[in-house]
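1. need a structure here:
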Amino acid sequence: MWELYVFWSMVSFFLAARLEGAALSWQGWLPLPSFATIGVGSLGCALGGMCSKRIGEKTVASTSLWVSGSMCLLSGFICKLDLLPLVLLILVWGFFVVSDSPQFSALAARYCPPGYTGTALTVQNGIGFAITVASIQIIPWVAETIGWRWTFLPLGIGPLIGLYFVSRLPCDIARDQCVSDQSSTKSAGPVRERNLDCRCHDHR
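-> The predicted structure is shown next:
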């Protein structure tokens, strides 16, 4: 969430800086791609959820983070593209910038102990919104300092950190097997359950 809400709230300023000096007709057209950038995120969430059933939440989250992080790091070059490819890439960014969020909720529910699912989701969302407050305050200051062309560059830190921690999760297939094994051996006694739990944590 480090880059999500600040991207949504600042993308119109980013596009306006790119269109500075253009015909006034282009300036009046600006709200449409800004709205579409936010709206296309709903498709990202829906399709990401469908894909996660086939390839797993971890893969979908990693792909979303990789694309969003790449867009952040390349935003200065994207800003100088012609208008049509610029808008298309902004829409792609809007698709992937939010599609990781529901996957993180699903991953938290999947990996945390069942008795702490609510707590895990609360802490996760609390931290996410807290860092969003920070990024929304920082990015306008960055824009005043270095200009809007490179303003989104620092946002790449969030997806990179996210990719690191997601990569440390067990693969989806291994985790599903562990959950299945734990369910089938629940009545086998504490020793066997403890050994199985150790094997589950060894899948990295």
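2. got the CA coordinates for stretch 145-159 in PDB?
-> Output in PDB follows, covering the C-alpha atoms of stretch 145-159 (Å, rounded to 0.1, in the frame of the first residue of the first chain):
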ATOM      1  CA  THR A 145      12.200  19.300  -5.000                       C
ATOM      2  CA  ILE A 146      12.900  17.300  -8.200                       C
ATOM      3  CA  GLY A 147       9.800  17.800 -10.400                       C
ATOM      4  CA  TRP A 148       6.900  15.500 -11.200                       C
ATOM      5  CA  ARG A 149       8.900  13.500 -13.800                       C
ATOM      6  CA  TRP A 150      10.800  11.500 -11.200                       C
ATOM      7  CA  THR A 151       8.400  11.900  -8.300                       C
ATOM      8  CA  PHE A 152       7.200   8.300  -8.300                       C
ATOM      9  CA  LEU A 153      10.700   6.900  -8.300                       C
ATOM     10  CA  PRO A 154      10.900   6.500  -4.400                       C
ATOM     11  CA  LEU A 155       7.700   4.500  -4.500                       C
ATOM     12  CA  GLY A 156       9.600   1.600  -6.000                       C
ATOM     13  CA  ILE A 157      11.000   0.900  -2.500                       C
ATOM     14  CA  GLY A 158       7.700  -0.500  -1.300                       C
ATOM     15  CA  PRO A 159       7.200  -3.200  -4.000                       C
END
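3. And for residue 4, the neighbour number?
-> 20 (other C-beta atoms under 10 Å). Every residue, glycine included, has its C-beta placed from N, CA and C.
4. what about it, distance to residue 153?
-> Shown here: residue 4 relative to residue 153, a distance of 16 Å by C-beta to C-beta, to the nearest Å.
5. Please apply the same query to residue 103.
-> For residue 103, the distance to residue 153 - C-beta to C-beta - is 25 Å.
6. neighbour-wise, which of these two wins?
-> Ranked by neighbour count (other C-beta under 10 Å), residue 103 and residue 153 place residue 103 first, with 26 against 15.
7. So which elements touch the top helix by length along the chain?
-> Longest helix of the chain, by residue count under DSSP state H: helix 117-146. Under the contact definition 3 or more C-beta pairs under 8 Å, 6 or more residues apart in numbering; DSSP states H and E, helix 117-146 sits against helix 4-18, helix 101-111.
8. Now that helix: average pLDDT?
-> Taken as a whole, helix 117-146 has a mean pLDDT of 90.
9. how about low-confidence regions in this protein?
-> In the predicted model of the chain, residues 21-27, 172-204 satisfy pLDDT under 70.
10. any idea how far residue 2 is from the most centrally placed residue in it?
-> A centroid search over the chain (C-alpha atoms, centre = their mean) returns residue 100, at 3.8 Å, as the residue closest to the centre. When distances are taken as C-beta to C-beta, residue 100 and residue 2 turn out to be 11 Å apart.
11. and what of residue 120?
-> The spacing between residue 120 and residue 2, counted by C-beta to C-beta, is 19 Å.
12. Same question for residue 68.
-> If you measure residue 68 against residue 2 using C-beta to C-beta, the figure is 10 Å.
13. Which one's more surrounded, those two?
-> residue 68 (30 against 21).
14. Surely residue 152 and residue 74 touch.
-> No: using C-beta atoms under 8 Å, residue 152 and residue 74 do not qualify as a contacting pair, with a distance of 9.3 Å.
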